[in-house]
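*Asks:* Next one to model:
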Amino acid sequence: MHRFFLTAINMLFLSLTVFAQTATISGTARLGDSGKPVQKVLVIISELGRSVETDLDGRYEFRDVPDGTYTLIAHLDRFPDILRQVKVEGAQVQVDFEIALLTQDPITVTVNAKEQSTFEAFQAVTVIDSLKLALSAQPSFGEALGNKIGDGIAKRAFGPGPARPVIRGFDGDRVLVLQDGMRIGSLASQSGDHSDPVDVLSLDRVEVVKGPATLLYGSNAVGGVVNAVTGHHELHDRPHGGLRGYLTGLGGTTNALGGGGGGLEYGRGSFLFWGSGSGQRTGNYDTPEGKIPNSQTRMTNGRGGFGYYGSRSYLSLSYSYNNVRYGVPFAGQFEGHHHDDELRHPAAWRGRLHEDHEEVDILNRATNHNLRLSGGFRSSSAIENIRYSLNYNNYRMEEIESSSGITAVGSIFRNREFSYRTYFDQTRTGRLSGTFGFSGLLRRYRVDGAEALAPPVEHNNFAAFLLEEVRLSSGVKFQFGGRVETNRYDATVFQADPFGTRRMPLNIGRYDGPSGGAIRDRAFTGFSGAAGLSFSPFENAVFVVNYTHSYRAPALEELYNYGPHIGTLTFEIGDANLNRERTDGIDLALRYSSSRLRAEANLYYYNISDFVFLAPTGEFEDGLPVAEFKQADSRFAGIELGTELKLHDYLFLNAGLDAVDAELKRTNLPLPRIPPLRGRLGLEFRYRGLSLLPETIMARSQKQTFAIETPTAGYTIFNLTASYTLFQQHAAHVFSINGFNLGNRLYRNHLSFIKDLAPEIGRGVRFTYTVRFF
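*Replies:* Coordinates of the predicted model:
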């Protein structure tokens, strides 16, 4: 009898084991409307860490998959990732993928450091894929993101070269720009005349997380995060075989645009190699008022790397180089008016700068070297995945002044950063899953020359964070997390002269200035926390509510700057005694997605204690208004609406609207450079590979202005975009044409530092051709 029971138990155990291993997930991957099979599509079971490539017939298969609910991701380089949820219950499951250049449900890796659908994300996310980036054919990263109306994304500008994104009215140190989840090393957050060194043509996509993202990314992300994803580090933790790549060429009128780029990936066994490069140029751009002088741009970029991807671990190393040159329109004219008391208000600048004054052109030349090591380990223990990144940036910018045929370097900016980040992904236990980790930054900043507004500073940052998610029931999720972060600034009052023979004081006269006395070292430690609830109120809909408490340490320039700063058109006076900022915010989001209608509505309100801002004193120094960094309570409130309605099988209505209101609470004074109410309306025709989109862009006049800020008139402009995609079994060709400002309307960007002098670009056409082979 004893032997009988043992035999029965063994047979039962064997049968259960065999039963649990009989489940199979299989399917095909096909191209767009052509229906042609696609090989070398990487299909991933996220929870199991398993992957397989499609064969010549576009088929894939996973065998011996245990029962459970899984996320399948289909990835093909330079195409949007596709995500599918599948439930396995001991039988064969068919999951097919349609590979297309456009997708209704983009993937984000930025919100919680894992791939997930933007529809299900706890924060509002806008994804701009590589096709849309190529269609925009813009000369800088900020211009490429442009004005995403309905998404709360606007453009700060000092000419096209140094343009930078603004999220929900937040700018500067409150918006963090990343590449593949790590810092890019530029100084664009500190000054309006610096640029972000990002090669737009090499990107897989750009993800914009709107609202506080401080839990994972720190106090610089209280307004949002912009993550430029190349795919080489965020997406590559598994190999693929063979050769794939892309080529892009572009040109345009109105600014003599020309350029192109390309990239290759080659995989063999467990190894993967990649490389890419691009070059682009523009001349001075035309407006209905004429050409804008010194608005030209030049850029060259290169990137290369390799990786090893084993069954349990992976490691990759990459190097990139960016070289950018761009003019800063009219900046030299302000420097030529240091003692012109008649030009004390922006309204007086227009038409006056060239009268009886010697012209000075300023050209910024910036280079950035980036070295990055990324890797990870997979495990079947309580920690299923460990991911880490080490990142080094060496950024240098020279401000070159030209006048009467004489050229000289006026200032040299240096910024060296070493940053690191590690994630520990927890194995799902019942309803609970999550990620915790730590990150840090070691930064050395120094400026030599006329714009040495701050002393050399060493900035050290360290943080630990936790982000957890609980699935309460079907369709109901609760997320919570926290972050403790410390920032330390060590300021050097003296630096060596250019010849290294003696030590010179830096702006000694400012130490007894009106705003805080002596420069001193500062240290800040703070806590950020968040909690959110997501549920489905009705079919095909998700409602999300988020509460965030965010901490931000004052930025280097807010603590230490003193002197004339052309990048903000003010004579800045920092305050080494500033306190940290605290933000309490509520975000509400309602999303709906069906075969006919896709819509999203976002509402937000942020209350910020001790908000840091530049407060004009009413005085002028060196021809610029004197402004001190002050603190006061403020609030931001806004709305974002976007929809796509299918009117017919081939006809879609696209519409969007956004508005933000921001002011100091005690005085009700509007904050500077806040976007006006904006709207867009388009009617898109799609048939097979053809797309035709006429679109109207509208902006209301902005009369809610800060001190010394001028109102901006409203405008309506018309654009037309057409593209045709030709699919082949191993390639996709995209031909596109973009006509912009077709009415040649004279209009100005309220967020431009030089809007009273330089209107936006006039009527023109851009052409783009891209081929992607696989």
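
*Asks:* Secondary structure element holding the spatially most central residue of the chain?
*Replies:* Closest to where the C-alpha atoms of the chain average out (C-alpha atoms, centre = their mean) is residue 226, at 1.7 Å. Per DSSP states H and E: residue 226 is located in strand 224-229.

*Asks:* Now do the SS call for residue 215.
*Replies:* Put simply, residue 215 is helix when judged by DSSP: H, G, I helix; E, B strand; the rest coil.

*Asks:* which regions of the stretch 401-550 of the chain sit below the pLDDT cut-off?
*Replies:* In the predicted model, the stretch 401-550 of the chain carries pLDDT under 70 at residues 404, 493-518.

*Asks:* which residues in it form strands?
*Replies:* Listed in chain order, the strands of the stretch 401-550 of the chain (DSSP state E, counting those that start in this stretch) span 406-426, 432-449, 457-473, 476-491, 494-496, 503-505, 522-535, 541-552.

*Asks:* Output the ones you listed in TSV; the columns should cover mean neighbour count.
*Replies:* Backbone N, C-alpha and C define where each C-beta goes, glycine included. Output for those, formatted as TSV (neighbours: other C-beta atoms under 10 Å):
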stretch	mean neighbour count
strand 406-426	17
strand 432-449	18
strand 457-473	17
strand 476-491	19
strand 494-496	13
strand 503-505	11
strand 522-535	18
strand 541-552	20
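
*Asks:* looking at those strands, which is closest to residue 773?
*Replies:* Smallest distance to residue 773 across the strands of the stretch 401-550 of the chain (C-beta to C-beta): 33.0 Å, for strand 406-426.

*Asks:* So what are the sheet partners of that closest one and their directions?
*Replies:* Paired strands of strand 406-426, with direction, are strand 383-403 (antiparallel), strand 432-449 (antiparallel) (DSSP bridges).

*Asks:* Tell me which of the ones you listed sits nearest to residue 720.
*Replies:* Once the strands paired with strand 406-426 are compared by C-beta to C-beta, strand 383-403 is nearest, at 37.0 Å.

*Asks:* ok so, going back, thinking in terms of the whole chain, how far from its middle is the strand holding residue 226?
*Replies:* Centroid separation for strand 224-229 versus its chain: 2 Å, with C-alpha atoms, centre = their mean, to the nearest Å.

*Asks:* Which strands and helices lie in contact with that strand?
*Replies:* Contact here means 3 or more C-beta pairs under 8 Å, 6 or more residues apart in numbering; DSSP states H and E; on that basis strand 224-229 packs against strand 164-167, strand 175-179, strand 205-210.

*Asks:* The longest one: partners in the sheet, and parallel or antiparallel?
*Replies:* Okay, so that is strand 205-210. Taking DSSP bridges as the criterion, strand 205-210 sits next to strand 124-129 (antiparallel), strand 224-229 (antiparallel) in its sheet.

*Asks:* what comes into contact with the last one?
*Replies:* Okay, so that is strand 224-229. By C-beta atoms under 8 Å, 6 or more residues apart in numbering, the list of residues contacting strand 224-229 from outside reads 109-110, 141, 145, 165, 167-168, 170, 174-181, 184, 198, 203-213, 217, 234-235.

*Asks:* Tell me the first helix or strand C-terminal of that strand.
*Replies:* Past strand 224-229, the next helix or strand by DSSP H and E is strand 242-252.

*Asks:* Next: the first one.
*Replies:* Note on strand 124-129: by DSSP H and E, the next helix or strand toward the C-terminus is helix 130-136.

*Asks:* Which strand or helix spans the closest residue to residue 56 other than its chain neighbours?
*Replies:* Closest residue in space to residue 56, ignoring its immediate chain neighbours: residue 39 at 5.3 Å, by C-beta to C-beta, 6 or more residues apart in numbering. Under the criterion of DSSP H and E, residue 39 resides outside all helices and strands.

*Asks:* Just name the shakiest helix or strand of the chain by mean pLDDT.
*Replies:* strand 503-505 (a mean of 40; mean pLDDT, DSSP states H and E).
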